[in-house]
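[1] Got a predicted structure plus its sequence, pasted below:
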Amino acid sequence: MNYTIATLASHSCLQILKGAKDEGFATLAIASKDRALFYRRFNFIDKIIPVAEYKDIYKLNTELKKQKVIIIPHGSFVAYLGEDYDKKLKLPHYGNKKVLEWEGDRLKQTEWLNKAGLLTPKLISHPSLINQLVIVKFFGAKGGSGYFLAQSEKEFIIKIEKFKGEKYIIQEYMVGTPVYLQYFYSRINKQIELMGIDRRYETNIDGLSRIPGKFEKNIDFDPTFTVIGNFPLVIRESLLPEVYNMGERVVAVSNKIIPSKGLYGPFCLETIVTKNQKFYCIEISCRIVAGTNLFITGSPYTDLTYGEPMSTGRRIAREIKEAIRLNRLQEILD
Amino acid sequence: MNYTIATLASHSCLQILKGAKDEGFATLAIASKDRALFYRRFNFIDKIIPVAEYKDIYKLNTELKKQKVIIIPHGSFVAYLGEDYDKKLKLPHYGNKKVLEWEGDRLKQTEWLNKAGLLTPKLISHPSLINQLVIVKFFGAKGGSGYFLAQSEKEFIIKIEKFKGEKYIIQEYMVGTPVYLQYFYSRINKQIELMGIDRRYETNIDGLSRIPGKFEKNIDFDPTFTVIGNFPLVIRESLLPEVYNMGERVVAVSNKIIPSKGLYGPFCLETIVTKNQKFYCIEISCRIVAGTNLFITGSPYTDLTYGEPMSTGRRIAREIKEAIRLNRLQEILD
Amino acid sequence: MNYTIATLASHSCLQILKGAKDEGFATLAIASKDRALFYRRFNFIDKIIPVAEYKDIYKLNTELKKQKVIIIPHGSFVAYLGEDYDKKLKLPHYGNKKVLEWEGDRLKQTEWLNKAGLLTPKLISHPSLINQLVIVKFFGAKGGSGYFLAQSEKEFIIKIEKFKGEKYIIQEYMVGTPVYLQYFYSRINKQIELMGIDRRYETNIDGLSRIPGKFEKNIDFDPTFTVIGNFPLVIRESLLPEVYNMGERVVAVSNKIIPSKGLYGPFCLETIVTKNQKFYCIEISCRIVAGTNLFITGSPYTDLTYGEPMSTGRRIAREIKEAIRLNRLQEILD
């Protein structure tokens, strides 16, 4: 097996390359120069290519092809390479690039999720219709950066000011507990797997909420929602059948709206569980999410099904290995 | 060893049957028809019997006895089979059924805990005496469902309306941090073990608390306390001696008030740790709790004492195996 | 290898001695009489010496030296032995005792951290200058006990009353998410390692924050910050290079200000991550912290770099073993 698993040095690179090494692949990280030194600490990374900026990966086509590289995308690809990386990247890429069009547009996301029978928060079509607590989210996954709360059109207008020209949605703020469901869908064996569950840790909201009301004065109490980490979590077993069903329905619909391959590999449904124990899906991420970094040697869910440590990164590598063995690699590359 | 470990397909069934399989038992899940398909995903479950409703287990007596089934009860047994399942279930059952009478009655629970020297929140004997923040809890473990807060008799009367006829207690709301202590007491070796610690994740309170005060208006701010998941936790080592002592005292008292076998197997003390580092026990669960689902390959506490992955489910199976080996199985069945 | 690893029976003793046993050392706990029984539960502790009070360790010099004891200090040493234990303890001690002088003085801590280029919260030099939310902290690590919030000089004066004569600092209250970074610096191989990350669980603040604003009345809403436990956490991979850099800079500066050996072994940077994703270091602990008790079989970070379970306690023992093998033990003892 002389393929090399490669990715950009950020986000979940360590997990991905550790998993690839555990499955017997050569590993490669493309790292910005200031980060290359950091990534050299990890001996499961066989090779590091330092670049001035991540977009230089486009210039490395010939070199990387010679090394039989398979690129594993993660949640920072759009941020580092731009929304159109699906068109520009000419290397074997694990995962369906066409999914990006649906993932990157929050309205199409909602359409997809609703077609799959998932509940989603109400969308407010115009600021003048804001008559409850809403959260405003911008297009493109940026780890929650920039999201803001508003309760009125007036408040919205003031706060949107600094985001001139950006696309956004106005979403009903769902009251309930955040639950992030990490899935893996195998195109090889047509099975959905639950890889783990986490709750995101967001600054500064998760700090603000530890300040009692009486101390609020003098403090800028407008929360931000920048994700800086993750907590591991398990949920009630009685909710798991619905969790698996949701994952399967999202994949099934993807095969219709994003033919011919649909969504496969790792993805995440970001949900709020309301007091009636209903899942409201607030976002979908169609690639490996950072919350999987919790489970380098497996989560309570993979511990049930695998007799060995199994991270999402390793699961990807195993899928590729299996596809190679079955001579079906082209089915899972794009 | 031709026994079969069986349980109802919910709550901690996966953990229980995974542990049983790891210890060499045959495994069986009794599943409602809509869930049977889900449980087929797990290859450590040897057999699934689909039923129209869980109470159909009573009709399976002859069939299950032939398979030498040992039933492991969990936190959903009362919800699925009724409060009187201890009388109706005629199959070998791990754990003392007589404990249910004390567990199911919140006043007797408090009596038991106090006899064992545990601190418990003050009980308010009549709504007219409410002069502080209280939490109202109903009899029977329902995962926190229905619990509500009140600060006055008037508020109580409005909120109790929809629970007509249900038994409840009015408990002082303890200010402090929730800590759920998962124990195992072995009747075979007379030892108490700490299997793990968690904090419950409750909807919608754990979502409400992330909304800054200034956004509260327009939001229904009456919290609900439905448990939908669990976070793993460790506590100060200096608190552990008291943790073990509390567990031992609860078991010791159970031998007096629930003769002759008392409480054994897995149980949980649900506590609030106050600012003076005192444990106030708000509930006791006398069977495996869902928080143990965090620790499929062991918790930081079992990692200290076992040289191998040890979940509470597996611990139960090992206890049964040991009892069989010593020809003492009848001592731990009821 | 006939050395014995020993520590006081509290804090992270179980982890330290479990790790020492896993690395092949004899193990010894010095336990107060009321705790000795508890520690006997753990069979990786070869010997327990019961003492009336922990300071009796000073009387055991001859006995312990005969057993070739190496003392591993932890976060309760100052609390149990006094601030001057560095002078009184005449036994081989892992870690630089001179660090204590800088660690124990919050002003010198800040100086050290700032020299290393770390951001720290603003210090308010006099109560009359309080014009924002501040947190008042006392000298000496006491697990957050006694810390209080204030918003004005008046409030400060009332609250400081009961701490007459204690040294304190007035620190700007940083709004952001707490992130506790557990490091290990090896003097043998000159490498910094990230051993794990946690968030502390503090009573009663982490309980108070679960009470909606409208129920605040009648409740004593002045939070306390006593650490009673820890949650495991991972952070964004893009923050890790800075995490390693901060650790390295803190060690580098320590070699200048605390010659000749500087800081080595386990330490912890307690940080707040602000909404701009900046780390503000609120404290440094120059020994093993209790948050490492989460990771008895390793954290997501040690899982990346070690092919085996690696706690901080075990890492210490391995360092000592390696030093013995290289005949460099004296370099890491003090």
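    Everything's here; your move.

[2] hey, let's count contacts and neighbours off CA atoms from now on
    Noted.

[3] what about residue A:329, neighbour count?
    Using other Cα atoms under 10 Å in any protein chain shown, residue A:329 has 16 other residues around it.

[4] Please read off the pLDDT at residue A:221 from the model.
    pLDDT, residue A:221: 72.

[5] In a helix, it, correct?
    No - with DSSP: H, G, I helix; E, B strand; the rest coil as the criterion, residue A:221 is coil rather than part of a helix.

[6] quick one: contacts for it?
    By Cα atoms under 8 Å, 6 or more residues apart in numbering or on different chains, residue A:221 lies in contact with A:208, B:212, B:214.

[7] If any of those residues are buried, give me the ChimeraX selection for them.
    Applying 16 or more other Cα atoms under 10 Å in any protein chain shown to the contacts of residue A:221, the buried members can be selected in ChimeraX as follows:
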select /A:208 /B:212
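
[8] mind putting the contacts of residue A:221 in TSV, secondary structure, distance to residue A:118 and pLDDT included?
    Shown next, in TSV, are those (DSSP: H, G, I helix; E, B strand; the rest coil; distance: Cα to Cα, whole Å; pLDDT from 0 to 100):
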residue	secondary structure	distance to residue A:118	pLDDT
A:208	helix	31	91
B:212	coil	28	85
B:214	helix	31	80
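
[9] Out of the contacts of residue A:221, which are close to chain C?
    Contacts with chain C within the contacts of residue A:221, counted by Cα under 8 Å from any Cα of the partner chain: residue A:208.

[10] Name the nearest of the contacts of residue A:221 relative to chain C.
    residue A:208 (6.4 Å; Cα to the nearest Cα).

[11] Can you tell me the closest non-neighbouring residue to the closest one?
    Sequence neighbours aside, residue C:175 is the residue nearest to residue A:208 in space, at 6.4 Å (criterion: Cα to Cα, 6 or more residues apart in numbering or on different chains).

[12] Roughly how far does the one you found sit from chain B?
    Applying Cα to the nearest Cα, to the nearest Å, one obtains 13 Å for the distance of residue C:175 from chain B.

[13] Which pLDDT value goes with that residue?
    Confidence at residue C:175, expressed as pLDDT, is 94.

[14] Can you give me the neighbour number for it?
    Residues near residue C:175, counting by other Cα under 10 Å, number 23.

[15] List, one by one, the residues from the stretch 101-250 of chain A near chain C.
    Selection of the stretch 101-250 of chain A residues close to chain C by Cα under 8 Å from any Cα yields A:201-215, A:218-219, A:224-232.

[16] tell me the SS of residue A:266?
    Under the three-state scheme (three-state DSSP), residue A:266 adopts strand.

[17] and the closest residue in space to it that isn't next to it in sequence, what does it touch?
    Leaving aside its chain neighbours, residue A:266 sits nearest to residue A:184 (4.2 Å; criterion: Cα to Cα, 6+ apart). Contact analysis of residue A:184 by Cα under 8 Å, 6+ apart lists A:192, A:193, A:194, A:195, A:264, A:265, A:266, A:267, A:312.

[18] Check whether the second one really touches residue A:185, as I assumed.
    Yes - in this structure, residue A:193 sits in contact with residue A:185. The criterion is Cα atoms under 8 Å, and the distance is 6.3 Å.

[19] Got the phi and psi for residue A:89?
    Backbone torsions of residue A:89, given as degrees, to the nearest 10, read phi -80, psi 120.

[20] Return the per-residue confidence for it.
    pLDDT for residue A:89: 93.

[21] That one contacts residue A:58, doesn't it?
    Yes - Residue A:89 lies in contact with residue A:58 (Cα under 8 Å); the separation is 6.3 Å.

[22] and residue A:10, helix, strand or coil?
    At residue A:10 the chain is in coil, as set by three-state DSSP.

[23] Do a quick rundown of the helices in chain A.
    In chain A, the helices defined using DSSP state H lie at A:13-22, A:33-39, A:61-66, A:77-81, A:85-88, A:99-103, A:106-115, A:153-160, A:205-208, A:240-257, A:300-305, A:312-325, A:329-332.

[24] Kindly compare burial across those helices and name the winner.
    Across these, the average number of neighbours (mean count of other Cα atoms under 10 Å in any protein chain shown) peaks for helix A:13-22, which reaches a mean of 25.

[25] For the stretch 101-250 of chain A, list the residues in contact with chain B, please.
    Going by Cα under 8 Å from any Cα, the residues of the stretch 101-250 of chain A near chain B are A:132-133, A:151, A:175-178, A:205-206, A:208-209, A:213, A:221-223, A:231-238, A:241.

[26] I figured residue A:10 hits residue C:240, correct?
    No - in terms of Cα under 8 Å, residue A:10 does not count as a neighbour of residue C:240; the distance is 9.3 Å.

[27] Now do the same contact list for the nearest residue to residue A:136 once chain neighbours are set aside.
    In space, and not counting its chain neighbours, residue A:136 is closest to residue A:170: 4.7 Å by Cα to Cα, 6+ apart. Residues near residue A:170 by Cα under 8 Å, 6+ apart: A:123, A:124, A:125, A:126, A:127, A:134, A:135, A:136, A:137.

[28] is residue A:170 in a bridge, and if so with what?
    Judged by DSSP bridges, the bridge partners of residue A:170 are residue A:124, residue A:136.

[29] From chain C, how far off is it?
    22 Å.

[30] Same check on residue A:71?
    Applying Cα to the nearest Cα, the value for residue A:71 to chain C is 18 Å.

[31] Show the contacting residues for residue A:201.
    Neighbours of residue A:201 in contact, by Cα under 8 Å, 6+ apart: A:227, A:228, A:229, A:230, A:231, C:177.

[32] 10 Å instead?
    Residues in contact with residue A:201 (Cα atoms under 10 Å, 6 or more residues apart in numbering or on different chains) are A:207, A:225-231, A:291, C:177-179, C:233-236.

[33] residue in the stretch 51-200 of chain A nearest to chain C?
    Counting by Cα to the nearest Cα, the stretch 51-200 of chain A gets nearest to chain C through residue A:145 (9.0 Å).

[34] Oops, could you answer that again for the stretch 151-300 of chain A instead?
    Closest point on the stretch 151-300 of chain A to chain C, by Cα to the nearest Cα, is residue A:229, at 3.8 Å.

[35] Which pLDDT does the model give that residue?
    At residue A:229, the pLDDT value in this model is 98.

[36] Surely it touches residue A:202?
    Yes - contact status for residue A:229 versus residue A:202: in contact at 7.0 Å, counting by Cα atoms under 10 Å.

[37] Identify the contacts common to these two.
    Jointly contacting residue A:229 and residue A:202 under the rule Cα under 10 Å, 6+ apart are residue C:177.
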